[in-house]
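Enquirer: could you look at this predicted model? Sequence included:
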Amino acid sequence: MGCKAVKYELVSGFETHIELSTKTKIFCGCTTQFGGEPNTHCCPVCIGLPGTLPVLNREVVRFAIKAGLAVHGKIAEVAKMDRKNYCYPDLAKAYQISQLYAPLIIGGYIELSNGRKIRLHHIHIEEDAGKLIHQHGDTYVDYNRGGVPLIEIVSEPDIRSIDEAKEYVEKLQQVMRWVGISDCKMQEGSMRCDVNISVRPEGTEKFGTRTEIKNMNSITNIARAMEYEYERQVDLIESGGKVVQETLRFDDATGTTSSMRSKEDAHDYRYFRDPDLVTITIPREEVEELRSEMPELPADKFERYTDEYEIPEKDAALLTKYRSISEYFDKAIEGVKSPKTVSNFIIGQIFRRLETEADKEVFDVATTPEQLCELVKLLDSGKIRNNLAKSTLEKMLDSGKGATDFISESDMGGIDDSALLELCKNAVEGNPKAVEDYKNGKEKAIKALVGNVMKNSRGKADAKAAEEKIAQIIRNA
Amino acid sequence: MGTISKIHEMLTSKQVSCKELTESYLRGIESDNTALNAYVCVTGDEALKTAEAVDKKIAAGESIGLLEGVPMALKDNMSTKGVLTTCCSKILTGYKPIYDAAVWELLKAQNAVMLGKTNMDEFAMGSSCETSYFGGAANPVDIDHVAGGSSGGSASAVGGNLAAYTLGSDTGGSIRQPASFCGVVGLKPTYGAVSRYGLIAYGSSLDQIGPITKSVEDAALVFDAIAKPDKRDSTSLGAKEDTYSKLDNDIKGLKIGIAREYIDGVRDDVKEAVLAAAKVYESLGAEIVYFDLPVLKFALPVYYIIACAEASSNLGRYDGIRYGYKTAHYNGTHDMICRTRSEGFGEEVKRRILLGTYVLSAGYYDAYYKKATDLRGTIIRAFNNAFENCDVILAPTVPMTAFEKGHAVSDPIETYLTDICTVPVNIAGLPGVSVPCGFNAKGMPIGMQLIGKSFGEATILNAAYKYQQAAPEKFKDTKWGVKL
Amino acid sequence: MVTREDVENIALLSKLFVPEEELDGLTKSMQEIIDFADAIAAAPASDGGFDNINNLSNVFREDEVVPSYPSEEILKNAPEQAEDHFLVRNRE
């Protein structure tokens, strides 16, 4: 037979580094701003001058706790800082202050759209390294980024496909931006992934030998690298070879992975407690305080939108992609009968005006959610019809003005609730015969009453609403 | 003797101007440093500038602080802006820091006159000062003997009257041991009392800066000036109380404990001198109690494991990229780093880096580093228990007196043993002061150590002061340096 | 038991070259120091562990920007520099 006898399952886990958007570095008061002239965001502490000491930025701990709450992790009561020793020119002290033995966050998960939960092992805080530029064999070092705070989110090897991997990264990015701890810009390096990957015959339990692809900086490349590495490992095993546990780099140009190992790197980080930093204890009150400040998370909003408002999943996903959109939506639906109408306006007309993802994330729209709300209420009450609402929204989006600036009384095709009620009451009072018939079970008799309302409203009333109202008046009489 | 209080009195009574005083110290260094090798860097111009400022104040009739205008020096492992700071290592050749250590900021603000930087064992790793890249400092009592280490230059400068006081650092005895060898007073404060910001790290959880002085009174003065909390050192707390005002408190009823383990095994002359000091204390109304501290037998290996582990990490940063020495010829970055380090560090430093790397490496961490850290807890609790029955502990500072030059270098382990009485204090983070308490047959000084409870500097300095009052003959001056 | 390979490995981790001819001597010397350190193996098991010397916790700085140093200061002690970078020159 031509096909392979065994099918291989992909097994993957992620180590994701995210730069926190605190104002200052993790252990000194230098700015964390991206870029800047080389070595201008530096001080004796972050270039590791002899005798300098680190002092932990309180905000880093708070941001990490928020990250932990965002992924349903357990916030440790006691956390400690460790030194991870390795010598490399971008690491000014020859050790990175990180956490191994007692990280801030334990466990947690990211839930995928297929219902699978990718479990997290832990989240820890650490410092970023500087930047190396290799030019004609020379090495230039810039320590501006050295000491920028990071969280590292370490997942369990729960990912089973490239699609899951992509969604995992997207969800992580979404939720971390959502809670405001990072901009997660992969292209600027404020979010980077190390991808662990192995394969095993489908249906077996035992994990295969894994490789680690370092420093992936786009979702597209993550997918490409994983695809290549999956095929490479399967081919290797199929041809009787063995996967070697090693660290790989991905070459963007060729789409292939290659070994990063050299005899110069002996990998033994000799972690030990950093004697320069004291224990971190996190009172439960502080966790609760932070929890109470947390925004409603995208997954919870998604559930609310789909369950309560019956918004299609696809639309709910778009509404919850960025916090700004969902907050706009939540304001715009206050008091409206049909949130789905609001959703349609946003995803339809408003999105058309926001060309890029960045625009959508910023969601800078001329029409306020309150104005949109007002428009939808007019539609809800039947005063205007859908076509008019749509064209009005365009004018609103162009001008920033409210709906009533564009719709005159005469435009209002419908009549409002109180007017309708008045007409219905008149119809009931003026047609006792029909009312009597209706009461005696002649259901069709109500049509005469509705006809009366339609006539007196010159056709503007909503017949169905009128019928409901009339029935109600008779019942309550 | 050129004590701080004497100098202060001379300055305020205008017996001498600060400039004249500074000049005489600089002349003293000029003539005697060749023999003592206490200084590795002299900052005469800066010193004179400060002296002139102090003189102006005095001339204007302003009052000056006790430390103001007093000539002093810093161990070469304390960061001084614009002034060479090398840890007496080739690897920090030419390094001029861009910031000041916290202690130097405090003293500078009081117009301390810094004469220069003092000699030390390379990166404070040694007990004789002989691992210094610049050669060891000599003992001012007898220059054929070592000054001790690692703050050998700081002790030699004070004993040799080339500074009124100096600051040293003490990781396993590096203030107390050379103070004992040179017949001067050396205080290792409680861990956290003095900021480590700007102290070039050896063993970060053990290092403390403290004064080396000619008298107990001076030690109290300097300690009170430098023991301030510092936001830049997360482990810093500052002193709990001032010590100077309590120096003369009555010590009647003070319970002085002697741990048998500290006395057994030290040389007879040392033992006799310490027990004689105990007698002096009894005559002052103190009570001597004996007790056992069996965990002390683990102190030395615990110390070496922790200190070397931390050092191996602290010294990783010397890579020839940001400061200091860089090898001339290399092939690639990795090769450059390895050559720079191999050429830049001395043998003892390399030995301790390797040991530290070993005890932290995979497979050995639990047996060595983790076990040593656990034992550290055990030793701390043993001291706490001991202090339930006494107020201070009396012990020898070193089991012997200063050895002759060249003797220490031969056998590392034998050299490590000289630290046996001093390291427990660092392990437990306690304060300890070494005070001269006698001389051996050859006239070399013997030191005793008073160990206090955590942040109990006032108590041990009080006890030390009372001893100095009762036995002033143990505090002998040397022939070197400035005579006041 | 400290082996030659151990010493080679820790030398590599420590970024130190040990010349071939010094390897045996250093291995022996390391073994002696390790034997000395082995004394703690006989020590009683921990009776409560150790956290940090004064049992301190929660020492933080606030997230407030402090002006950085000018790059000339930062680079002042660099053995080699170019274009405001620290430099490791790898060509002649």
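Expert: Now that the structure is in, tell me what you want to look at.
Enquirer: wait, doesn't B:Val435 sit right on B:Val216?
Expert: Yes. Contact criterion CB atoms under 8 Å: B:Val435 and B:Val216 qualify, at 6.6 Å. (C-beta placed from N, C-alpha, C; glycine too.)
Enquirer: need the overlap of contacts for those two.
Expert: Residues touching both B:Val435 and B:Val216 by CB atoms under 8 Å, 6 or more residues apart in numbering or on different chains: B:185, B:464, B:467-468.
Enquirer: by neighbour count, which of these wins?
Expert: Ranked by neighbour count (other CB atoms under 10 Å in any protein chain shown), these have B:Val185 at the top, with 31 neighbours.
Enquirer: for that one, give the beta-bridge partners.
Expert: B:Thr213 (DSSP bridges).
Enquirer: distance check, the residue nearest the centre of chain A against A:Glu59.
Expert: For chain A, A:Gln174 is the residue whose C-alpha lies nearest the centre (CA atoms, centre = their mean; 2.1 Å). Relative to A:Glu59, A:Gln174 is positioned 22 Å away (CB to CB, to the nearest Å).
Enquirer: and if you look at A:Ile162?
Expert: According to CB to CB, A:Ile162 and A:Glu59 sit 36 Å apart.
Enquirer: do a quick rundown of the strands in the stretch 1-150 of chain A.
Expert: With DSSP state E, counting those that start in this stretch as the criterion, the stretch 1-150 of chain A has strands at A:8-19, A:56-57, A:74-75, A:78-79, A:82-85, A:95-98, A:105-106, A:109-111, A:117-127, A:131-135, A:138-142, A:149-155.
Enquirer: dump those strands to JSON lines, plus mean neighbour count, distance to B:Gly153 and mean pLDDT.
Expert: Shown next, in JSON lines, are the strands of the stretch 1-150 of chain A (neighbours: other CB atoms under 10 Å in any protein chain shown; distance: least, CB to CB, whole Å; pLDDT from 0 to 100):
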{"stretch": "strand A:8-19", "mean neighbour count": "21", "distance to B:Gly153": "45", "mean pLDDT": "97"}
{"stretch": "strand A:56-57", "mean neighbour count": "25", "distance to B:Gly153": "35", "mean pLDDT": "98"}
{"stretch": "strand A:74-75", "mean neighbour count": "18", "distance to B:Gly153": "50", "mean pLDDT": "98"}
{"stretch": "strand A:78-79", "mean neighbour count": "18", "distance to B:Gly153": "41", "mean pLDDT": "98"}
{"stretch": "strand A:82-85", "mean neighbour count": "23", "distance to B:Gly153": "30", "mean pLDDT": "98"}
{"stretch": "strand A:95-98", "mean neighbour count": "21", "distance to B:Gly153": "29", "mean pLDDT": "98"}
{"stretch": "strand A:105-106", "mean neighbour count": "22", "distance to B:Gly153": "48", "mean pLDDT": "98"}
{"stretch": "strand A:109-111", "mean neighbour count": "19", "distance to B:Gly153": "59", "mean pLDDT": "97"}
{"stretch": "strand A:117-127", "mean neighbour count": "22", "distance to B:Gly153": "35", "mean pLDDT": "98"}
{"stretch": "strand A:131-135", "mean neighbour count": "14", "distance to B:Gly153": "39", "mean pLDDT": "94"}
{"stretch": "strand A:138-142", "mean neighbour count": "21", "distance to B:Gly153": "34", "mean pLDDT": "97"}
{"stretch": "strand A:149-155", "mean neighbour count": "24", "distance to B:Gly153": "40", "mean pLDDT": "98"}
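Enquirer: so what's B:Ile263 up against?
Expert: Counted by CB under 8 Å, 6+ apart, B:Ile263 has contacts B:271, B:274-275, B:395-396.
Enquirer: again with B:Asp269
Expert: B:401, B:438, B:440-441, B:446.
Enquirer: rerun at 7 Å
Expert: B:440-441, B:446 (CB atoms under 7 Å, 6 or more residues apart in numbering or on different chains).
Enquirer: again with B:Lys188
Expert: By CB under 7 Å, 6+ apart, the contact list for B:Lys188 reads B:170, B:175-176, B:208, B:210, B:425, B:431-432.
Enquirer: next one: phi and psi at it?
Expert: Here is the backbone geometry of B:Lys188 (degrees, to the nearest 10): phi -100, psi 110.
Enquirer: for the one 10 residues further on, same thing?
Expert: Reported as degrees, to the nearest 10, the phi and psi values for B:Gly198 are phi 100, psi 0.
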